[in-house]
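Peer 1: Fold the following, please.
(one chain, ligands or ions: 1)
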Amino acid sequence: MALARGKFITLEGGEGAGKSTQLRLLADALRAQDIMVVTTREPGGSPGAEAIRTLLVEGAVERWDGVTEALLHFAARRDHLVKTVWPALERGAWVICDRFADSTLAYQGFGHGLDPKVIESLYRVAVGHFAPDLTLVMDLPVEKGLERAGLRGGAEDRYERMGLGFHQRLRQGFLGIAASNPMRCAVIDAAQTPVDVHKMVMATVRARLALP
Ligand code: TMP
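Peer 2: Residues are numbered from 1 along each chain as shown. Just a heads-up that it's a prediction; the model follows:
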């Protein structure tokens, strides 16, 4: 008997929304139910895509023009899907991914003003008709998110250094994406404690993906 294809869950949101913590907690909870889980991230998640990630998250804010940046994200995404995500889903694993294509629409589209039609065309080429089974949009006031992200430190701060207006457009962008795709997306209030956010995440996953 062929194994059932796994589920693809993506976590989205602005900087410092607590995606990585929630991803870990969700993965642990699913594994406790004997579900095979692969956790991954974008940009990155395969050796090729991790190499492209370095080009995207480090260096001067003005480093890339909008189209180039979107092309790099979709190049990384294609490699990640081909090498990591699709094989794992075929094996029956659930794949939980920290960011996916909604981030391109939010950051490069709403944030940098790239035409959403360009992003949609790139999506068709790189991803085809594949889409997440569930997208959790972690929503948080911008100032709070940037404060949390700032505390984290490190070299990967190119996007964090973009202005407050940029991050406000991002937040509205993510909320708009969720409103336009209500079957796929759920907005989670990420301002609560990690434990409370996790409870909401689990309730959503149970309700949307028929978990026991
Ligand atoms: P991370 O900090 O969540 O790992 O993500 C790295 C940065 O890349 C983050 O600031 C958001 C940005 N990004 C885009 O601008 N477009 C995309 O398509 C993705 C996946 C991430």
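Peer 1: Enumerate the residues of the chain near the ligand.
Peer 2: 41-43, 56-57, 73, 98-99, 103-104, 107-108, 159 (Cβ under 6 Å from any ligand atom). No exception for glycine: its C-beta is placed from N, CA and C like everyone else's.
Peer 1: now those residues as a markdown table including secondary structure, neighbour count and pLDDT?
Peer 2: As requested, the residues of the chain next to the ligand are exported to a markdown table (DSSP: H, G, I helix; E, B strand; the rest coil; neighbours: other Cβ atoms under 10 Å; pLDDT from 0 to 100):
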| residue | secondary structure | neighbour count | pLDDT |
| --- | --- | --- | --- |
| 41 | strand | 19 | 98 |
| 42 | coil | 23 | 98 |
| 43 | coil | 24 | 98 |
| 56 | helix | 20 | 95 |
| 57 | helix | 16 | 92 |
| 73 | helix | 26 | 98 |
| 98 | strand | 20 | 98 |
| 99 | coil | 23 | 98 |
| 103 | helix | 26 | 98 |
| 104 | helix | 24 | 97 |
| 107 | helix | 25 | 93 |
| 108 | helix | 26 | 94 |
| 159 | coil | 18 | 77 |
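Peer 1: for the worst-scoring helix or strand of the chain on mean pLDDT, packing partners?
Peer 2: Of all the helices and strands that make up the chain, helix 142-152 has the lowest average by mean pLDDT, DSSP states H and E, namely a mean of 84. With contacts defined as 3 or more Cβ pairs under 8 Å, 6 or more residues apart in numbering; DSSP states H and E, the packing partners of helix 142-152 are helix 164-180.
Peer 1: Okay, buried residues for the helix it packs on please.
Peer 2: Neighbour-count burial for helix 164-180, counted by 16 or more other Cβ atoms under 10 Å, picks out 166-171, 173-175, 177-178.
Peer 1: Could you do stretch 21-39 as well?
Peer 2: Those would be 22-23, 25-27, 29-30, 37-39, for stretch 21-39 by 16+ other Cβ under 10 Å.
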